[in-house]
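Visitor: Any chance you can model this:
(one chain, ligands or ions: 2)
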Amino acid sequence: MGARQWCRMWCNPPMQPDAVAIGALRPRLEKLAELLDRIEFTLPTDAREEAEQARGAIVKTVTEYLIPRLDEPEAPVVAAVIGATGTGKSTIVNSLANDRISDVGALRPTTRSPVLWAHRDHAGRYWSEFVARVRERVGATVEVVIGDDELTQELTVIDTSPAEYIAPSGRNPAEDVLALADLCVFVTSPTRYADISAWQFLREIRWRGVPMLFVLNRLPPDRDEAVALLNDFASRLHNNGLLLEPDAAMVFGVNEAVGDRWHGGLEPSAVGALRNELGAVSNSGYRDTLVAMTAYTTGRNVVDRSRIVLDEFDKVVAIAAELEVVVDESYDNQATEINELLASGGLSDMARHRTWSEAAVDLTAIVTRRAGVAAQETARVWLADPAGSVLLEGKGASLWRHTEDTSWDVQGRLEEWEGTLSEVAVKHGRSGTMGGRAAKKVAAKSWSLVVAPGEKAPWGVRRRLGKSMDAYISDAQDSLGRVVRDALEVDASRFRKHLGMEIDVAKQIDRNVVAISALLHGEVPPLESVPDPATVEETVDSIGEDLESIESDETAEEPGSLEDGDDLADVANTDAEHTGEDPQIKIEPIEEEDTDA
Ligand SMILES: Nc1nc2c(ncn2[C@@H]2O[C@H](COP(=O)(O)OP(=O)(O)OP(=O)(O)O)[C@@H](O)[C@H]2O)c(=O)[nH]1
Ligand SMILES: [Mg+2]
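Guide: Residues are numbered from 1 along each chain as shown. Ligands and ions are numbered 1, 2, ... in the order given. Here you go, the predicted structure:
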């Protein structure tokens, strides 16, 4: 009874969406987006912009489209009407509605912010959330037109501003709407379809994996001329990887109609085939397939783009590792020199102070100055490096010297050191019997021996440490040396922060990409490559057969269906909707009864 429909929107070959895999994808995708949101490409690698863009696009697609979509599988299909200014997008929307939904006009651009056309049934929770999401992205000026049209029961249509239009906010509303859409209706005209900018936009849409319907509007009345234009457009789409076959039947042709209708649209019959198609793909039986397919394709493309991000991450990690060596060496040199001074008695002057707190002030000045030297040394080497110099130019300007906090921080750490000395004393106490109080006394009286190792130790210290005296001093010097190193590391960590490296994050991203890829059935082909031959062969063959029968019947007027094996869900008796009364161009979709159904 029903018919299976080969929809013209499947410009990319259908893939088998697996409901289970798609459900399992959700947490993985969410995690991936969260991880990608945390990283940032700051180093000037060749593909940095591309990687940053890919990163942003993945985060946006996953959080703003995929997750909400998977959460609300029952929500109406959202079709974004996209195209250059004056191609007749608003005219097409009004024609579909046979009503004034969106203003049309000679002013370019006419539509400056999106117009949503929806059914009043969807004014509930989902709807308010969706509208809020659109408004949040696109701005509060988004207009919502609520109606009763049957078509909108399962479909929300959004008329957009021209694809090339940048709003005063600096955003591109069409792009923003597209990011939330399940389906793109791309409208163009004979004078516009060859524009390069349109193709760039289309390629970007293709990345998203959103199914597309192509409308060539404002065709001339001469049939041969119109057919030639449709063929040319279809073959360009095909050459750009946007249409499986260079087949004009996959494009909706709409004639330049004469005479104005009150609502700024055309006769409804002019868009009859498009309306049927939109009705068919948003039909609840079909919608699940559409949503699953879009989610699936989007998921595949997310994996694809994640690889760009990961490749870039590898490069960045390598550069960062080199720059980090400079940090390590500069600070390590300074720490080593201070430690050598300590060991050789070069800092013995500090022993003149009465208390360690006073002596620590001297050592603080030394360590702070050394931090400054290490910072300067690191910055000097970084400056000579292309990536390093970029880091120094921006937020890294302050890296040339130690920070204002360094001295406070060093002093705090050094003062605490005396407290830890008693533990060293306990370790070296005669036959391991030194109590806590005695150890404290030893610590208080022996700090000066640590900074001035040649001095004679007070009797109390000698008595308690006996033969372990030298070992104690050596251990205590090591522990002070470590405090100095740690204090310098705090200053060094500013450089590391600028490298922004979270290698662990990269690993987690990698793991998620691998898992997502596995859920999507294995390897993801590169974006431009030819799709899975098995699927394509089967699909193309079945189209080919059906085309033959159509080509021999030039008068075929009815929009209809083409069987596509088991890939697509049944569409409940779409025949009933196929009025096919298009008085204009006679290039129509292809129909065949599905006898199995
Ligand atoms: N006669 C005729 N005029 C059309 C047709 N399609 C569009 N127009 C006219 O072309 C002009 C632009 O149409 P719109 O529908 O506003 O174009 P748009 O793509 O929405 O333009 P923007 O909102 O600027 O992006 C209007 O004056 C329409 O009346 C058509 O098929 N026949
Ligand atoms: Mg418009």
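Visitor: in a strand, that's where residue 158 is, yeah?
Guide: Yes - counting by DSSP: H, G, I helix; E, B strand; the rest coil, residue 158 is part of a strand.
Visitor: Grab the nearest non-local neighbour of residue 60.
Guide: residue 179 (5.8 Å; Cβ to Cβ, 6 or more residues apart in numbering). C-beta here means a position set from N, CA and C on the backbone, and glycine is covered the same way.
Visitor: Same check on residue 418?
Guide: Counting by Cβ to Cβ, 6+ apart, the residue nearest residue 418 is residue 356, at 4.4 Å.
Visitor: Kindly report the same for residue 415.
Guide: residue 360 (5.2 Å).
Visitor: Quick one: residues contacting the one you found.
Guide: 411, 414-415, 417-418 (Cβ atoms under 8 Å, 6 or more residues apart in numbering).
Visitor: Just give the number of residues close to the residue nearest to residue 418.
Guide: A count of neighbours around residue 356, defined by other Cβ atoms under 10 Å, yields 22.
Visitor: what about residue 371, helix or strand, and which?
Guide: helix 356-383 (DSSP states H and E).
Visitor: Identify each buried residue in that helix, please.
Guide: 356, 359-360, 362-364, 366-368, 370-375, 377-379, 381-382 (16 or more other Cβ atoms under 10 Å).
Visitor: Same list, these, but only the ones touching ligand 1.
Guide: Taking Cβ under 6 Å from any ligand atom as the test, ligand 1 is in contact with none of the buried residues of helix 356-383.
Visitor: Tell me what angle the longest helix along the chain forms with helix 356-383.
Guide: Counting residues, the longest helix found in the chain (DSSP state H) is helix 284-344. Orientation of helix 284-344 against helix 356-383 (axes from the mean of the first three to the mean of the last three Cα atoms, to 10 degrees) gives an angle of 120 degrees.
Visitor: wouldn't residue 242 be in contact with residue 212 here?
Guide: Yes - assessed by Cβ atoms under 8 Å, residue 242 is found in contact with residue 212 at 6.8 Å.
Visitor: SS state for the residue in the stretch 151-300 of the chain that ligand 1 sits nearest to?
Guide: Ligand 1 sits closest to residue 162 of the stretch 151-300 of the chain, with a gap of 3.9 Å, by Cβ to the nearest ligand atom. Classification of residue 162 by three-state DSSP places it in coil.
Visitor: what about residue 239, neighbour count?
Guide: Under the criterion other Cβ under 10 Å, the count of neighbours that residue 239 has is 11.
Visitor: quick one: contacts for the closest residue to it other than its chain neighbours?
Guide: Among residues not flanking residue 239 along the chain, residue 246 sits closest, at 7.5 Å (Cβ to Cβ, 6+ apart). Listed by Cβ under 8 Å, 6+ apart, the contact set of residue 246 reads 231, 234-235, 237-239.
Visitor: Over to residue 409?
Guide: Per Cβ under 8 Å, 6+ apart, neighbours of residue 409: 487, 490.
Visitor: ok, back up a step: can you put the contacts of residue 360 in CSV and add pLDDT and secondary structure?
Guide: Formatted as CSV, those follow (pLDDT from 0 to 100; DSSP: H, G, I helix; E, B strand; the rest coil):
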residue, pLDDT, secondary structure
411, 92, helix
414, 93, helix
415, 91, helix
417, 91, helix
418, 88, helix
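Visitor: Go through those residues and say which is closest to ligand 1.
Guide: Distances from ligand 1 to the contacts of residue 360, taken by Cβ to the nearest ligand atom, are shortest for residue 411, at 65.7 Å.
Visitor: quick one: that closest one from residue 43, how far?
Guide: 34 Å (Cβ to Cβ, to the nearest Å).
Visitor: Pick out whichever of the two has more residues nearby.
Guide: residue 43 (23 against 19).
Visitor: contacting residues for the residue nearest to the more buried one when sequence neighbours are not counted?
Guide: With sequence-adjacent residues excluded and distances taken as Cβ to Cβ, 6+ apart, residue 43 is closest to residue 387, at 4.5 Å. Applying Cβ under 8 Å, 6+ apart, we find residue 387 in contact with 43-45, 319, 323.
Visitor: got the buried residues for stretch 122-135?
Guide: Applying 16+ other Cβ under 10 Å to stretch 122-135 flags 122, 127, 130-131, 134-135 as buried.
Visitor: For residue 118, give the beta-bridge partners.
Guide: Note on residue 118: beta-bridge partners by DSSP bridges are residue 146.
Visitor: what's the neighbour count on it?
Guide: 23.
Visitor: who are the neighbours in contact with the closest residue to residue 85 other than its chain neighbours?
Guide: Spatial nearest neighbour of residue 85, excluding adjacent residues (Cβ to Cβ, 6+ apart): residue 162 at 3.6 Å. For residue 162, the contact set (Cβ under 8 Å, 6+ apart) comprises 83-86, 89, 108-109, 111, 174.
Visitor: Keep only those of these that are in helices.
Guide: 89, 174.
Visitor: one step back: name the nearest of the contacts of residue 246 relative to ligand 2.
Guide: Distance to ligand 2, by Cβ to the ion, is smallest for residue 237 among the contacts of residue 246, at 22.3 Å.
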